[in-house]
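>>> this one's sequence-less:
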């Protein structure tokens, strides 16, 4: 029903475009100058068709369910039902009307279901009638109004502007939406667990929260020593640190090689090859870390008399570092290449060698951009999930030994949210609190990184 | 006295030949101007003199260039030492994105010319004074060199070039990005600098060549058409092409 209506409106839009243009041609043929190209007259009419349709559809979507519900439940008013019970009745009515109700069918509910269906069909047909008549009326009004000197170009341009603005707003609103979806659960979590315990506690053991019987009242004291985030924050930064120890030197050196030393032919092949690394799914890196690097490190360690856990921070961090190499090498390559040739010439003409020029002129000039690329790499390392889940274990040990297993914020969120969970339970809410803190950390890093990069750009443009 | 002697110099960019059999003598402690229409090879020749063409992958230089009777195209030539002796100033001011002080101390640092902070301070001061910039920047030595005006930046680059006390200074259209006042300052400076340095300047401005130089070489399509004293080239050239170019009939 809705689909047919929608198709009909689209057709109407095309028709009004056609009529608008046709009218413009007619005006033109009577030797009058138009204020805009004929298409604009067509678009103008099509907009007069689209906007009312959009408004009515949205209003309907907002108000129809509420009104139908009110009408259906009006039969039950004054019978002393509670709000919750009324909601339950309404849900039963709806599922019965869809033929999905499996419980005992009472005549009351059957009657409501019939009423519900008839109301819905009335609503649908009245929607169709109202939409179509309003569209036709508005298009007819606009059609009558357009003449040789009416302004059509400006409204069309304004409409396009508004559409594009809405599109960019969608991305921003999504970010805001994500923050809000996290924030309420996070607040609930901190109502039970004191912020202090979360930030400074050194024991992370969310499985303990499962011990509670859900019928018992919530007793905050039983969660002491359960949600101390220090071990997982430490693990996150520790693994990110290991990753950056791998990624920064290798990435930077390969970036410098590509930008300054490689001949154009080598560069032409090497750069895409390095960037392939960036295209490998992180799950594959996870495999590599868990099944190849981890056991290899364990064997290597054992042969040297060290005790290495099969799931070690070193394996996860090292592989994560390899994953980040292309980000740093590619970005720093771009940054170094964009240092003006005149600075290189100036340095060479002073008798500086290539390495002196790189060290004293090019690197300092490119430093802000390089710092930016490193910060972006760090925020990737902190947000990375799959490699850690697969290769670094899930036990939140507070350790600085890279050969032991540790866990990260992202891995713990995964642990908490897979399988059964109860909403409103501190254990589930802990995932939201972790997500929120992760979001804040990476947000700060990205802001700093973008600022640094921007500052750099202003310098040479 | 002859400082630089170029013999049979050919330069190729890939397969394209840019200079044909150039032979030119350059007098010590004089200003030699290289003039000619765009693309005639005068800048290419200038860059041969401190082997800056090495930086360009596809560029090949043949022939002999003797500086103090030593062939700089010889394999035994140390480019770092060569460029210490032969300074260069570019068309567009290109100070490093460092402070004024660091811009000047760059050369002396990489050549190990100062043993102490005091010595370095002295080098910086004398270089800036010689470049007639000291009075303008003495209070902002530790501010970025890129914050100076265009003319000041170019004088900073000249100060940078003379900080390592080169014997020769190559100038590649040093005034083309500057206004007339800054140009006049640089020209005055060139006159002053020739007492201690041999200067070779590439310029598009005939008036500038006439004002600052004692000798002039005229390049056209990769060939050195004529060279001699500036007076003679401008007043009584042997070649009609030179005559045409100088009187503005082409180029």
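The structure has been received and is ready for your questions. Please read all numbers here as calculations on a predicted model, not as lab measurements.
>>> mind listing what residue A:133 touches?
Residue A:133 sits next to no residue when contact means C-beta atoms under 8 Å, 6 or more residues apart in numbering or on different chains. Just so you know, the C-beta spots here come from the backbone N, C-alpha and C atoms, and that holds for glycine as well.
>>> does residue A:79 count as helix, strand or coil?
coil (DSSP: H, G, I helix; E, B strand; the rest coil).
>>> how about the strands in the stretch 151-251 of chain B?
B:168-172, B:198-202, B:215-220, B:223-229 (DSSP state E, counting those that start in this stretch).
>>> Looking at those strands, which is nearest to chain A?
Smallest distance to chain A across the strands of the stretch 151-251 of chain B (C-beta to the nearest C-beta): 8.2 Å, for strand B:168-172.
>>> picking that back up, can I get the strands of the stretch 151-251 of chain B in CSV with mean neighbour count?
Shown next, in CSV, are these (neighbours: other C-beta atoms under 10 Å in any protein chain shown):
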stretch, mean neighbour count
strand B:168-172, 24
strand B:198-202, 26
strand B:215-220, 25
strand B:223-229, 18
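>>> Tell me which of those strands lies nearest to residue B:27.
Smallest distance to residue B:27 across these (C-beta to C-beta): 6.1 Å, for strand B:215-220.
>>> returning to what we had before: quick one, which of the strands of the stretch 151-251 of chain B is nearest to residue A:354?
Using C-beta to C-beta, those put strand B:168-172 closest to residue A:354, at 20.6 Å.
>>> Give me the residues contacting the closest one.
B:3-4, B:43, B:46-47, B:49-50, B:67, B:85-91, B:158, B:161-162, B:190, B:193, B:197-202.
>>> So which bits of chain B are right by chain A?
B:50, B:52, B:55, B:57, B:79-84, B:87-88, B:90, B:92, B:94-98, B:106-107, B:110-111, B:157, B:160-161, B:164 (C-beta under 8 Å from any C-beta of the partner chain).
>>> same thing but at 7 Å, please
B:50, B:52, B:55, B:80, B:83-84, B:88, B:90, B:92, B:94, B:96-97, B:106-107, B:110-111, B:160, B:164 (C-beta under 7 Å from any C-beta of the partner chain).
>>> Same question for stretch B:117-132: list its buried residues.
B:120, B:123-124, B:126-128, B:130-132 (16 or more other C-beta atoms under 10 Å in any protein chain shown).
>>> which SSE is the residue nearest to residue A:105 when sequence neighbours are not counted in?
Among residues not flanking residue A:105 along the chain, residue A:96 sits closest, at 6.7 Å (C-beta to C-beta, 6 or more residues apart in numbering or on different chains). Element membership for residue A:96, per DSSP states H and E: helix A:83-97.
>>> Now the residue most central in space within chain B: closest residue in space that isn't a chain neighbour?
With distances taken as C-alpha atoms, centre = their mean, residue B:170 lies nearest the centre of chain B, 1.5 Å away. Closest residue to residue B:170 in three dimensions, ignoring its sequence neighbours and counting by C-beta to C-beta, 6+ apart: residue B:88, at 4.5 Å.
>>> where does chain B have low pLDDT?
Scanning chain B for pLDDT under 70 picks out the ranges B:250-251.
>>> Next: the stretch 351-461 of chain A.
A:420-424, A:456-461.
>>> Which residue ranges make up the domains of chain A?
As given by automatic domain parsing, the domain ranges for chain A are A:2-151, A:230-460.
>>> quick check, distance from the first one to the centre of its chain.
For domain A:2-151, the distance from its own C-alpha centre to the chain's C-alpha centre is 31 Å (C-alpha atoms, centre = their mean, to the nearest Å).
>>> for it, how far is the first residue from the last?
In domain A:2-151, first residue to last residue: 34 Å (C-alpha to C-alpha, to the nearest Å).
>>> Helix, strand, or coil at the nearest residue to residue B:23 once chain neighbours are set aside?
Excluding its sequence neighbours, the residue lying closest to residue B:23 (C-beta to C-beta, 6+ apart) is residue B:7, at 5.4 Å. Of the three states, residue B:7 takes strand under three-state DSSP.
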